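Participant: Structural data only, the sequence is not supplied:
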């Protein structure tokens, strides 16, 4: 099997769930603690051995390119002021020359179309796809977990997790043929099915390891759910022709396109940072206590 050396990071979305912040800031640049969301995807891919990062962006997203580039003026200033720790943090976000590329998706035509836009960089190699909105807090990064499984299964792998039945219409859903607990052999995939027709509650959660043949399917440019070119539809046509499995990945997942989940991610990641944990925990406990006291006092206030 060819090693998985390349990763596509689709970053062209409008971020409408995060307005008004995303009127002028790409949603991928919203912060969790002190790193933009997209950097967590890059760090996850790095930890899994990815060598080439392919970002699919759109108009108004040049700050993503700047973030992963060198900033000589900033570095010089930090070095001159003796701020070595901050300098190391700033340089840690760099990607090496020749190790990343940016392509544009000229209009929002779906995830499948975004991946298709990266086809010239993917070539005929297997590749990973990481949706940066999906951020994981895990001892072993999800993509690394998937590549370990891929070493034995080959073919295509998608990360899955069970969702409540009434939420299947928000996700791609896997139709299982066999389930051994961690690996789920797929006999089909359905994009955003209504609960009454969903084949399972196993949702796709934004991490994929795919064979290059999926690009041939995307070449058809067939519109699917929502009138968009869906990656799920292209993947489904490979089932039966290539090995195809879902893998249950370990770790806590945050959908950072959702406001409440972004706040939760900030709290969870802050509590994992030794230099922040105590202060953040104390602040959270104080806020929760004050909120509880205020809520408890509301009925009296209304009577008075």
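Facilitator: On my side now, so go ahead. None of the values given here were measured: they were computed from a predicted structure.
Participant: contacting residues around the residue lying closest to residue 155 once chain neighbours are set aside?
Facilitator: Nearest non-adjacent residue to residue 155, counting by C-beta to C-beta, 6 or more residues apart in numbering: residue 243, 2.8 Å away. (Each C-beta comes from the backbone N, C-alpha and C, glycine too.) By C-beta atoms under 8 Å, 6 or more residues apart in numbering, the residues touching residue 243 are 153, 154, 155, 156.
Participant: ditto for residue 168
Facilitator: 192, 193, 194, 195, 198, 201, 203.
Participant: partners of the last one in the sheet?
Facilitator: Spelled out, that is residue 203. residue 161, residue 173 (DSSP bridges).
Participant: Just to check, it is in contact with residue 162?
Facilitator: Yes - if you go by C-beta atoms under 8 Å, residue 203 and residue 162 touch, sitting 7.3 Å apart.
Participant: Neighbour count: the two, which is higher?
Facilitator: For residue 203 versus residue 162, the count of surrounding residues by other C-beta atoms under 10 Å is larger for residue 203: 23 against 11.
Participant: and the more buried one, how far is that from residue 160?
Facilitator: 6 Å (C-beta to C-beta, to the nearest Å).
Participant: Pull up the overlap in contacts between these two.
Facilitator: With C-beta under 8 Å, 6+ apart, residue 203 and residue 160 have common neighbours residue 174.
Participant: How far away from the center of its chain is stretch 275-286?
Facilitator: A distance of 27 Å separates the centroid of the chain from that of stretch 275-286, by C-alpha atoms, centre = their mean, to the nearest Å.
Participant: Sort out which residues of it are buried, please.
Facilitator: With burial defined by 16 or more other C-beta atoms under 10 Å, the residues of stretch 275-286 counted as buried are residue 280.
Participant: Run through who's touching it.
Facilitator: 33, 267, 270, 271.
Participant: what do you get for stretch 130-138?
Facilitator: With C-beta under 8 Å, 6+ apart, stretch 130-138 has contacts from 7-11, 13, 27-28, 32, 37-38, 40-41, 44-45, 111, 142-143, 145, 205-207, 249-257, 265, 268-269, 272.
Participant: just to revisit the earlier point, if you rank the contacts of stretch 275-286 by neighbours, which is first?
Facilitator: Result: residue 270 is most packed of those (other C-beta under 10 Å), 19 neighbours.
Participant: first to last residue in stretch 231-251, what's the distance?
Facilitator: Using C-alpha to C-alpha, to the nearest Å, one end of stretch 231-251 lies 24 Å from the other.
Participant: Right, I'll leave it there.
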